[in-house]
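Enquirer: Give me a 3D structure for the following:
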Amino acid sequence: MFKGIKLSCLALILGACVGRDLEITAKFDPREAAFVKQGGSAHLSGQAFMRQNGGGVVTCAGEEVNLFPATRYATERFAKIYGDVSGGRINVFQGVTQKGVPPEYLQYRRIAMCDAEGDFEFNGVAAGTYYVQSRVLWTVPNSYFPEGGSVAKRVTVRPGQKLRVLLN
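Expert: Residues are numbered from 1 along each chain as shown. Sure, this is the predicted structure:
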């Protein structure tokens, strides 16, 4: 009996994990984001991590890091997701769906991977303002639910700059 109740609760909670829908009023304009595909002389590196309640640190190891140009569309989207135009962090249950996201929005980003230590890098970055975003997820013993969430930060990159950012 308790097993059935646990599974019902799990299904209910995982259903909520699908994410919330966002209504973005700004329209995505590829011309605003075109600089991301031009390349440049800057180097952007960093690390993404979260601290667990017990004090342990978990990195974004094996997760994608996204570099989105800070267009009007992206700025509104990140502000609604993270509650602040400069980014922030959300927990795993505060995620959003991809419903209504223009397909071209995802085409105007760069993607890197976090290594085992949670480090990432983008070479040949064009000057401009971006959102750097990644997930940091983990599970704990005897739990069905993932923990962690997503972290993002708005950064401005100048020509030739070597910029290191911490997402936490």
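Enquirer: Going by C-alpha atoms from here, please, whenever you check contacts or count neighbours.
Expert: Noted.
Enquirer: what's around residue 107, how many residues?
Expert: When neighbours are counted by other CA atoms under 10 Å, residue 107 registers 12.
Enquirer: Residue ranges in the protein under the pLDDT threshold?
Expert: 1-18 (pLDDT under 70).
Enquirer: Do a quick rundown of the helices in it.
Expert: 2-17, 30-33, 35-38, 72-82, 103-107 (DSSP state H).
Enquirer: Name all residues that make contact with the closest residue to residue 59 other than its chain neighbours.
Expert: Closest residue to residue 59 apart from its sequence neighbours, by CA to CA, 6 or more residues apart in numbering: residue 49 at 4.1 Å. For residue 49, the contact set (CA atoms under 8 Å, 6 or more residues apart in numbering) comprises 57-60, 118, 136, 167-168.
Enquirer: Tell me the bridge partners for residue 45.
Expert: residue 121, residue 164 (DSSP bridges).
Enquirer: can you list contacts of stretch 150-158?
Expert: Contacting residues not belonging to stretch 150-158 are listed as 42, 44, 48, 70, 82, 85-92, 95, 125-136, 163, 167-168 [CA under 8 Å, 6+ apart].
Enquirer: typo on my end, it should be stretch 29-40
Expert: 68-71, 73, 104-105, 108-110, 124-128, 159-160.
Enquirer: Buried subset of those residues, written for PyMOL?
Expert: If you want just the buried ones from the contacts of stretch 29-40 in PyMOL, going by 16 or more other CA atoms under 10 Å, the selection is:
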select buried, resi 68+69+70+71+73+105+108+109+110+124+125+126+127+128
